[in-house]
Structure formats: C-alpha cells, structure tokens
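1. quick check, what structure comes out for this input:
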Amino acid sequence: MTDHYNLRNKVAVVTGGGKGLGKTITKALLQKGMKVAICGRNPDTLNATFDEFSTQYKDAIFAAPCDVSDANQVKQFILSVKQQWSTIHVLINNSGFGKDSIVWQTSESDWDEVMNTNVKGSYLMCKNTLPMMINNKEGYIINIASQAALNGYANAGVYCASKFAMVGLGKALQEEVREYGIHVHSLNPALIQSQKSASDPIDCGLIQNEDLASMITYLLEQPRRLKIDNIGMWGF
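-> Alright, predicted model coming up:
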C-alpha cells in the first residue's frame, strides 16, 4: 500500500452531485485533477452543472439522471460510468434528505422514501462500485452521514434512523473490504448552510459546503496506512 493516493485521473462518483453540497464536492475533486461522474433525480440541475464545469474541465465530468433508491437505475448509471472511464476509484454517497415529523406521526411512505434514499441508495451504490474497487485493490467510499447518526433529535426520527444505519453499514463494510485496500469513511456534520446563493452572507454558526469538500480531499490525500472515521464537524 503506497503512502499517498494520487488523485489525478482517478474516477469518482458523487451522488446528488448536481446542486448544493454535491456540486461543491464535485468542483473540489475536479480541481484535484479527478474525473467525476455525478447523478441525481433532476436532469435539468445535472445538465446545468455539467455545462458549467465541462467548459473548464473538458472530458473530466460525466452526468446522468439516477434515482439511487432504484436498483436498475443505479446499475445502469454505474455501467455508463464504466463505459466512459473503465473503472471507479472513489464513491461519495451524498444523496439524502429527511422528513420533519415525530416518529408516531411519520407516514409509512415518508419512512420508506427517506430510508430508501439514504440507506438503500448507499447500499446500492456500494454494491455496484465495489467489484471494480476490489479488482483494483484500492478505493475510497465516503458516506455523508450527520450528527443525526450519533444523536437523537426530536421531529427527525426517520432521518436519525437512516443516518445511524449509514454509519453502521459503513463500519461493517470496512471490515469486509479492508483486505482489498479499500477505505470506508463517514462524515458526521452538524447543520450545513448548503443551498445559499453567491450573494447570501456566510453564517459562521453553520458548516459551509466548502468545509465538507475540503475535508473529503483531505481524507483522500492522507497516507493510505491511516484510517480516519466518524469525523464530527460543527460550526464555530
């Protein structure tokens, strides 16, 4: 296992990569010389981000619609990335959302929608990318979890359950893929000021998209002998 991971020309997948945090992560990876495939549910958002970045990073970005909770769509998306660039080295499981409701008033459909996106979506993306990482004997999976993966919050029961599950999935997966040189990390940020416009002031009490993006590139550039996990992040 080499000391440091050379990011140039490595292939990354970023789910929910068309806007907000995912878009910022995508830009940070492109700036490091990586090739980045993004997916999401909204084709218009994906196309706008693709058009914005492809001018500067020609042939280094790929975008296609994909609902991460749909096994067939995930399989087709990953096949498309493989056809584009032959393999995948890094997976960022960023897609996710929550529902504002107390547990006993959460509808079954809302429960299923959150769990299917946040947990099943991460599982499906791992399932379809890991064979390539195992073959390469290297890879990184980074799950964007939450402080809600470590603490319970009122009116966010299903979100907390999904993020606890993401971290548990990551911990189990790390034990299964360690022998192949694959790292699995979880980031646990507190509240993020994610969807602000360029003209909105920065709220210093909240984490910024750029903070998480820089943490991801930091993790990827650490010596591969080093394992860092369950990184907590808060506004200061």
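
2. in the chain, where's the longest helix?
-> The longest helix of the chain (DSSP state H) is helix 157-177.

3. next structured bit after it?
-> Next along the chain after helix 157-177, taking DSSP states H and E as the criterion, comes strand 182-189.

4. what pairs with that following strand, parallel or antiparallel?
-> Paired neighbours of strand 182-189 in the sheet (DSSP bridges): strand 139-144 (parallel), strand 231-233 (parallel).

5. quick check, residue 134 in contact with residue 181.
-> No. Counting by Cβ atoms under 8 Å, residue 134 stays clear of residue 181, with 9.1 Å between them. Backbone N, C-alpha and C define where each C-beta goes, glycine included.

6. list the buried residues of stretch 121-132.
-> By neighbour count with 16 or more other Cβ atoms under 10 Å, stretch 121-132 contains the buried residues 121-126, 128-130, 132.

7. mind checking how far that stretch is from the chain centre?
-> Distance of stretch 121-132 from the chain centroid (Cα atoms, centre = their mean, to the nearest Å) equals 12 Å.

8. what does stretch 217-236 give?
-> 14 Å.

9. end to end on it, go ahead and measure it.
-> One end of stretch 217-236 to the other measures 21 Å (Cα to Cα, to the nearest Å).

10. how much space between residue 146 and residue 197?
-> Noted for residue 146: a distance of 23 Å to residue 197, by Cβ to Cβ, to the nearest Å.

11. ditto for residue 90
-> For residue 90, the distance to residue 197 - Cβ to Cβ - is 28 Å.

12. these two - which one has more neighbours?
-> residue 90 (26 against 5; other Cβ atoms under 10 Å).

13. all strands for this protein, in order.
-> Counting by DSSP state E, the chain has these strands, from start to end: 11-15, 35-40, 61-65, 90-93, 139-144, 182-189, 192-193, 207-208, 231-233.

14. list the contacts for residue 195?
-> 19-20 (Cβ atoms under 8 Å, 6 or more residues apart in numbering).

15. any idea how many residues pack against residue 222?
-> Neighbourhood size, residue 222 [other Cβ under 10 Å]: 15.

16. that one: what's it in contact with?
-> Residue 222 makes contacts with 4-5, 228, as judged by Cβ under 8 Å, 6+ apart.

17. how about CSV for the strands of the chain, with distance to residue 157 and mean pLDDT added?
-> CSV is the format used below for the strands of the chain (distance: least, Cβ to Cβ, whole Å; pLDDT from 0 to 100):
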stretch, distance to residue 157, mean pLDDT
strand 11-15, 23, 98
strand 35-40, 26, 98
strand 61-65, 30, 98
strand 90-93, 21, 98
strand 139-144, 20, 96
strand 182-189, 18, 94
strand 192-193, 20, 87
strand 207-208, 23, 92
strand 231-233, 21, 89
